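K.L.:
next input, structure requested:
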Amino acid sequence: MTESEGKLRVLLITFFPMLIATLSLVTSIFNGYLNNKFVDLIQRNFGRAEYMRTCKETIDAYFQVKFKAGLVSANGEQPRASSAAASSAERIDAAAAVNKFAALGTYLANLRDEAIRARYTELVRGLEKAVADAGRTPPGELGQLFEGPDRIFAELNNDCVKSAKE
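P.N.:
Below is the predicted model:
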């Protein structure tokens, strides 16, 4: 074995483990980076899934309010004495539906900015007024009570759709 082969062997024995250690360190750093990205992705998807589930429940609650307001309106036209108790129960159901929508809307609004919060508050106030006026409104004119709330609801529903696509 020549002197140059001996020096090469010493260099390889010295630097090869360092190369392996360096590659191992780089691999470990890259693995940590990928793990952080994966955790961020899972957290973002979990939050979006929760938001979308609540959007779905809010949509259901909104249409329950409209349905129950329709029942209140239909019973408001019947001047029978026996319908007073039914009308009272339907008014309570309609008010409970508004409260459920308000609770879900508040939850969604807390996940968004102040402008969305104000819109949900405005929508709940509009629904409360529409349900309160439903007993004095004929069923054919009920759509007029919900014109404002329907417009706001469509905007907020578009926000839910936009959030789902992000």
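K.L.:
so which residue is smack in the middle of the protein?
P.N.:
residue 51 (2.3 Å; Cα atoms, centre = their mean).
K.L.:
show me what contacts that residue?
P.N.:
Applying Cβ atoms under 8 Å, 6 or more residues apart in numbering, one finds that residue 51 lies in contact with 108, 111, 160, 163. Bear in mind the C-beta positions are built from the backbone N, C-alpha and C, glycine included.
K.L.:
hey, which helix or strand in the protein has the poorest pLDDT?
P.N.:
helix 83-110 (a mean of 84; mean pLDDT, DSSP states H and E).
K.L.:
need the next SSE after it, C-terminal direction.
P.N.:
helix 114-134 (DSSP states H and E).
K.L.:
what's the following helix or strand after that following helix?
P.N.:
Trace forward from helix 114-134 with DSSP H and E and the next one is helix 142-145.
K.L.:
remind me which residues of the chain are low pLDDT?
P.N.:
Low-confidence segments of the chain, defined by pLDDT under 70: 1, 77-87.
K.L.:
hmm, which of the contacts of residue 51 are the buried ones?
P.N.:
108, 160, 163 (16 or more other Cβ atoms under 10 Å).
K.L.:
distance to residue 94 added to these, as JSON lines?
P.N.:
Formatted as JSON lines, these follow (distance: Cβ to Cβ, whole Å):
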{"residue": "108", "distance to residue 94": "21"}
{"residue": "160", "distance to residue 94": "24"}
{"residue": "163", "distance to residue 94": "29"}
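K.L.:
so what does the least confident helix or strand of the chain touch, helix or strand wise?
P.N.:
Where contact means 3 or more Cβ pairs under 8 Å, 6 or more residues apart in numbering; DSSP states H and E, helix 83-110 is packed against helix 3-76, helix 114-134, helix 147-165.
K.L.:
so can I have TSV of the contacts of residue 51 showing distance to residue 29?
P.N.:
Shown next, in TSV, are the contacts of residue 51 (distance: Cβ to Cβ, whole Å):
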residue	distance to residue 29
108	39
111	34
160	39
163	34
